[in-house]
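[1] Quick one, what's the 3D model for this:
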Amino acid sequence: MPQEYQLPDRVYKYPFELIMLAYERRFPTCAMIPAFLGSETIYEHKSKDGAVHVIERRCKIDVEAPYLLKKVCGADYVYFNQRNSLNLRNRTLNIVATNETFNNRVKIKEECSYKPHPDNEEWTIFTQRATLNIISFFGIEAQVEKLGIKAYHKNIKKGKEIIMYYINELKTEGVTTAPRWVQPDNVESESDSECDSFASADDDSRLEDVADDYKLDSDYINTHLGELNPMEECSIIQLAKRMKQTFDKIPDERVLLRFLRARNFDIEKTREMLIKSMAWRKQFNIDAHLDIWSPPPIIEKYLPGGWHRNDKDGRPVYILRLGHLDIKGMLRAVGEDALLRYALYICEQGIQKTNATAQISSWTLLIDLEGLNLRHLWAPARIAMRRFTEVMEQNYPETLGVVLIVQAPRLFPLAWTLVKSFINENTRRKCLVYGGNDYLEDDGIHSYIHREDIPDFLGGPCPCNIECNGLVPREDYTRSTEDVLEKEAGLQSLYKNCTLKKGEFHEVQVEADVDGVITWDFDCVLGELQFSVSHRTFSQPQCNSSLAGLVEMAGITYSTTPSPTDSYTDKIVEDSTVCSYLEGDSVQGSYYVSKPGTYVLSWGNATPPANPSTKSTFLYSIEMIEPKDYAGSVSSLTSSFSNLSSAGSSWNSSSVASWNSMVSR
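    Residues are numbered from 1 along each chain as shown. The predicted structure is shown next:
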């Protein structure tokens, strides 16, 4: 399938006639293009009045290719035919170049034009496009295409430099202007149709005759998008044209570039992603989100986040003090939809801020993890975060420039293991993690944020008005844990419901290897509970027949009572402590496995005799993080992030309590 490449229009702030003087100096050879070995004229025509000059050259090119590839092809050089049609009356130069070498296997066609700028006739605009169609090439078509694209892009970058080089050369010679063509006296002019008859038959697709309502010039790119390579510039134009085939109004070039980067500049994949995002924005009226939606008072008071100055690259900085966020309280007070709308609200603010500054299309996210605990790992919160992340990545790709994670606690590697699976790899690469006070070191966040803009809560001099107001009061809850779980089918399968009469208990056996992590999450819905974690040792090998009736799911074995025939010893793993919990308590905990074997998580009805309720009801979920997954997460952090600091290395059996629980009341 032919590949088409169109570059942004290039604008020279010089008259057409002076540009033509500079252009002709490129022939017969050009020292600035070493691969251009020379050219010979094979056809030339000049009109009697001097207005039209058509010249065709055979150009010799030294292709940069591996020796073996040249050997296979049987050619050290390639030849191109270039036909230039200059019309001084109309002030246009049309160029068509086609390959002579291997033209039965590869079709290359480049079309260019110089003409006065439509908004300023004293300027010249240059337009360029090319097509590459590899029919067959000794079975190495893909390699040839890559080499061709690489060589083409390399020469494109030099194009403007060469013209400007010869413009400056003319200036040193005292030539700063060139006269326009004037009809000579007593010389009959050829008609335009006669002039066109000297052009090649291939010129019927010249650029100035092509209907094209989308234009993009290199000056605009340099001003608003920054420095891009030719492939990136070409991709923006191709995507815009493909989108205009379907839509009258399309997003601006900043948006196109962000979506292209998210799909590695694959035009069709980007187009598909962009169309879905445009439909989503229309369905939910996102363009008006900042005008028609306001954060609920609960979010404004208890969500500790806000915008704070700019980083060293000029990107806006958003600070989220995640360790002080009561995510469970938020979900029970305002719900997932309100939090998602707030996330969209922040993203739209970010877009608004970046659009106000040239060459800025992303912002910096600073996440403070001081206070991070197991409460933040509540499964519904992780499900909500996954949804938020999916929406952000599908509709706001490449809006994060860098993510600075500071004051990462020892819990961080476990938290990262649980959430990293739904974070895009491109986003993960942008994360920089600092444990303890390492963010204050010379290679800390000062590398990204000016010292005078470091917020005061991180030891900097800049006042920061982001408030941390603690937990959301229970009286503000509008939904129970059961309500939160019922909304998500996946959570219903993840959580189990258990009711115990007085004197009854419920056990879950987990087979664990060294360096694995057992995590649990349970809510005491009714009555009171006792909870413990024990290591179980069997006096004789365990027989499968003695475990009849057990249910196994996701590698975890559930049982209401152990078989009385089993002979075992239970050792509670932390100072023989048995914890008691009251109705309404929410508990999240973890245990780092230092000794392999069977571990038992046990709940018992602890309702006192004076309580009229004879039952205890609770919801629970257990996850076993395998050593390979947990260790892999830590090692990936170490290798992928420039500053892991002590966050990963400090999580081990000697520096962390063997097991711990976080209770919310």
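[2] quick one: secondary structure of residue 178?
    Secondary structure, DSSP: H, G, I helix; E, B strand; the rest coil: residue 178 is coil.
[3] no wait, residue 116
    Strictly by three-state DSSP, residue 116 counts as strand.
[4] Name the residues of stretch 411-431 that are buried.
    Under the neighbour-count criterion of 16 or more other C-beta atoms under 10 Å, stretch 411-431 has 411-420, 423-424, 427, 430-431 buried. Every residue, glycine included, has its C-beta placed from N, CA and C.
[5] Give the rounded mean pLDDT of that stretch.
    Regarding stretch 411-431, the rounded mean pLDDT is 87.
[6] try stretch 216-234
    Mean per-residue pLDDT for stretch 216-234: 82.
[7] The closest residue to residue 627 other than its chain neighbours is in what secondary structure piece?
    Nearest residue to residue 627 in three dimensions, chain neighbours excluded: residue 515, at 4.1 Å (C-beta to C-beta, 6 or more residues apart in numbering). For residue 515, there is no host helix or strand (DSSP states H and E).
[8] now do residue 275
    According to DSSP H and E, residue 275 maps onto helix 267-283.
[9] how many neighbours does the residue nearest to residue 627 have?
    Neighbours of residue 515 under the rule other C-beta atoms under 10 Å: 17.
[10] Equivalent analysis for residue 81, please.
    Residues lying near residue 81 (other C-beta under 10 Å) number 19.
[11] pLDDT on the strand or helix carrying it, on average?
    Secondary structure from DSSP H and E places residue 81 in strand 77-87. Across strand 77-87, the average pLDDT comes to 91.
[12] Please verify my assumption that residue 320 contacts residue 365.
    Yes. Between residue 320 and residue 365 there is a contact under C-beta atoms under 8 Å: 6.9 Å.
[13] what about these two, which has more around it?
    residue 365 (24 against 18).
[14] any idea which element the more buried one lies in?
    Here residue 365 sits within strand 363-368, counting by DSSP H and E.
[15] Contacts for the next helix or strand after that strand, please.
    Next helix or strand after strand 363-368 toward the C-terminus (DSSP H and E): helix 379-395. Helix 379-395 has contacts (C-beta atoms under 8 Å, 6 or more residues apart in numbering) with 262, 273, 276-277, 280-281, 286, 327-328, 331, 336, 339-340, 343-344, 347, 399, 418-419, 422-424, 427, 484-485, 488, 490-491, 494-495, 521, 621.
[16] among the helices and strands of the chain, which has the poorest mean pLDDT?
    None of the helices or strands of the chain scores lower by mean pLDDT, DSSP states H and E than strand 551-553, at a mean of 33.
[17] Show me the shaky parts of this structure.
    Within the chain, the ranges that satisfy pLDDT under 70 run 1-2, 64-75, 137-157, 189-215, 485-493, 540-566, 574-578, 629-665.
[18] Can you pull up the most central residue in it?
    Nearest to the mean C-alpha position of the chain, counting by C-alpha atoms, centre = their mean, stands residue 398 at 4.1 Å.
[19] how far away is the nearest residue to it once chain neighbours are set aside from residue 526?
    Residue nearest to residue 398 in three dimensions, not counting chain neighbours: residue 258, with 4.1 Å by C-beta to C-beta, 6+ apart. For residue 258, the distance to residue 526 equals 50 Å [C-beta to C-beta, to the nearest Å].
[20] and what of residue 470?
    Counting by C-beta to C-beta, the separation of residue 470 from residue 526 is 27 Å.
[21] picking that back up, not counting the strand holding residue 365 itself, show me its contacts.
    308, 311, 315-324, 350, 353-354, 399-407, 445, 448-449, 457-458.
[22] Any of those buried? List them.
    Buried by 16+ other C-beta under 10 Å: 308, 311, 315-324, 350, 353-354, 399-407, 445, 448-449, 457-458, out of the contacts of strand 363-368.
[23] Which strands and helices lie in contact with the helix or strand where residue 331 lies?
    Here residue 331 sits within helix 327-333, counting by DSSP H and E. The contact analysis (3 or more C-beta pairs under 8 Å, 6 or more residues apart in numbering; DSSP states H and E) places helix 327-333 against helix 297-302, helix 379-395, helix 481-486.
[24] again, only using 7 Å
    When contacts are defined as 3 or more C-beta pairs under 7 Å, 6 or more residues apart in numbering; DSSP states H and E, helix 327-333 packs onto helix 379-395.
[25] Could you list the buried residues of the helix it packs on?
    Using 16+ other C-beta under 10 Å as the burial criterion, the residues of helix 379-395 that qualify are 379-385, 387-389, 391-393, 395.
[26] how far does it sit from the chain's center?
    Its chain's C-alpha centre and that of helix 379-395 lie 15 Å apart, by C-alpha atoms, centre = their mean, to the nearest Å.
[27] residues making contact with stretch 322-334?
    Stretch 322-334 is contacted by residues 296, 298-299, 302-304, 339, 367-372, 375-376, 378, 380-381, 384, 468, 471-472, 476-479, 484, 586, 664 when judged by C-beta atoms under 7 Å, 6 or more residues apart in numbering.
[28] rerun at 8 Å
    By C-beta under 8 Å, 6+ apart, stretch 322-334 touches 296, 298-299, 302-305, 339, 367-373, 375-376, 378, 380-381, 384, 407, 409, 468, 470-472, 476-481, 483-484, 586, 664.
[29] These, buried ones only, as a ChimeraX selection?
    Buried residues within the contacts of stretch 322-334, by 16+ other C-beta under 10 Å, are selected in ChimeraX with:
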select :296,298,299,302,303,304,305,339,367,368,369,371,372,375,376,378,380,381,384,407,409,468,471,472,476,477,479,481,484,586,664
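[30] For the closest residue to residue 63 other than its chain neighbours, name its beta-bridge partners.
    Of all residues not flanking residue 63 in the chain, residue 78 sits nearest, at 5.5 Å (C-beta to C-beta, 6+ apart). Beta bridges link residue 78 to residue 61 when assigned by DSSP bridges.
[31] Was I right to think residue 78 contacts residue 59?
    No. Contact between residue 78 and residue 59 fails when scored by C-beta under 8 Å: they sit 9.1 Å apart.
[32] Report the distance from the longest strand seen in the chain to the chain centre.
    Counting residues, the longest strand found in the chain (DSSP state E) is strand 120-134. Once both centres are worked out by C-alpha atoms, centre = their mean, strand 120-134 turns out to sit 32 Å from its chain's centre.
[33] for the closest residue to residue 579 other than its chain neighbours, what are its contacts?
    Nearest residue to residue 579, sequence neighbours excluded (C-beta to C-beta, 6+ apart): residue 531, at 5.2 Å. When contacts are counted by C-beta under 8 Å, 6+ apart, residue 531 is found next to 522, 578-581, 587, 601-604, 661.
[34] list the buried ones in the host helix or strand of residue 531?
    Using DSSP H and E, residue 531 sits within strand 529-538. In terms of neighbour count (16+ other C-beta under 10 Å), strand 529-538 has its buried residues at 529, 531-536.
[35] How many neighbouring residues does residue 377 have?
    23.
[36] Equivalent analysis for residue 310, please.
    Number of residues near residue 310 (other C-beta under 10 Å) recorded here: 18.
[37] pretty sure it is touching residue 318, no?
    No. Between residue 310 and residue 318 there is no contact under C-beta under 8 Å: 10.9 Å.
[38] can you count the residues close to residue 246?
    Counted by other C-beta under 10 Å, the residues lying close to residue 246 total 10.
[39] roughly how far apart are it and residue 582?
    Look at residue 246 and residue 582: by C-beta to C-beta, they are 60 Å apart.
[40] Run me through the strand neighbours of the helix or strand containing residue 618, direction for each.
    In the assignment (DSSP H and E), residue 618 maps to strand 615-625. Using DSSP bridges, strand 615-625 pairs in its sheet with strand 496-501 (antiparallel), strand 517-526 (antiparallel).
[41] Taking their axis directions, that strand and helix 379-395 sit at what angle?
    Strand 615-625 runs at 50 degrees relative to helix 379-395, counting by axes from the mean of the first three to the mean of the last three C-alpha atoms, to 10 degrees.
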